[in-house]
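Engineer: Below is the structure, and that's it, no one-letter string:
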C-alpha cells in the first residue's frame, strides 16, 4: 500500500517540510563544496523527497517484476490502513520512510534509512 494524495489539513505542515528539505539541500551543497562530504550526506538525507512520480515508477517496476504482488494506493495517507492490514494478518510486510504506522499499532516496521 502506498500513500495517496496529500491531506488538505496538512497543507502548512507539508509546506514547512518542503522548506526544510530545501534548506537541508542548500546546506548539503555548501558542505560538499567545502569538501566535507560526510556532513553533506547527512543534510542530503534530510532533503530527500519521495515524489508521486517516483512512487508511480516503483509501482510499475513491482508490477512488472512481481505480478503476483498486490499493490494498494490509499486515498490519502496509508498509516492507519497499514496498521489495520498488519493487525489482521492481511499483509506480509510494511516498509516505510517514517515511523508513523507505529502509533496506529504496527508492531514491526522496516524503515528506509537514507
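Structural biologist: On my side now, so go ahead. As the structure is a prediction and not an experimental result, all values here were calculated from the model.
Engineer: make it CA atoms for all contacts and neighbour counts henceforth
Structural biologist: OK.
Engineer: elements contacting the biggest helix by length in the chain?
Structural biologist: Longest helix of the chain, by residue count under DSSP state H: helix 11-33. Using 3 or more Cα pairs under 8 Å, 6 or more residues apart in numbering; DSSP states H and E, the elements in contact with helix 11-33 are helix 37-46.
Engineer: picking up where we left off before, can you check what angle separates the longest helix of the chain from helix 37-46?
Structural biologist: 160 degrees (axes from the mean of the first three to the mean of the last three Cα atoms, to 10 degrees).
Engineer: Could you list the low-pLDDT ranges of this protein?
Structural biologist: Counting by pLDDT under 70, the chain has low-confidence residues at 97, 108-114.
Engineer: looking at it, which residue lies furthest from center?
Structural biologist: For the chain, the residue at maximal distance from the C-alpha centroid (Cα atoms, centre = their mean) is residue 34, at 29.6 Å.
Engineer: what comes up buried for the longest helix of the chain?
Structural biologist: For helix 11-33, burial by neighbour count (16 or more other Cα atoms under 10 Å) applies to 21, 22, 23, 24, 25, 26, 27, 28, 29, 31, 32.
Engineer: gap between the two ends of stretch 74-81?
Structural biologist: When the termini of stretch 74-81 are compared using Cα to Cα, to the nearest Å, they are 8 Å apart.
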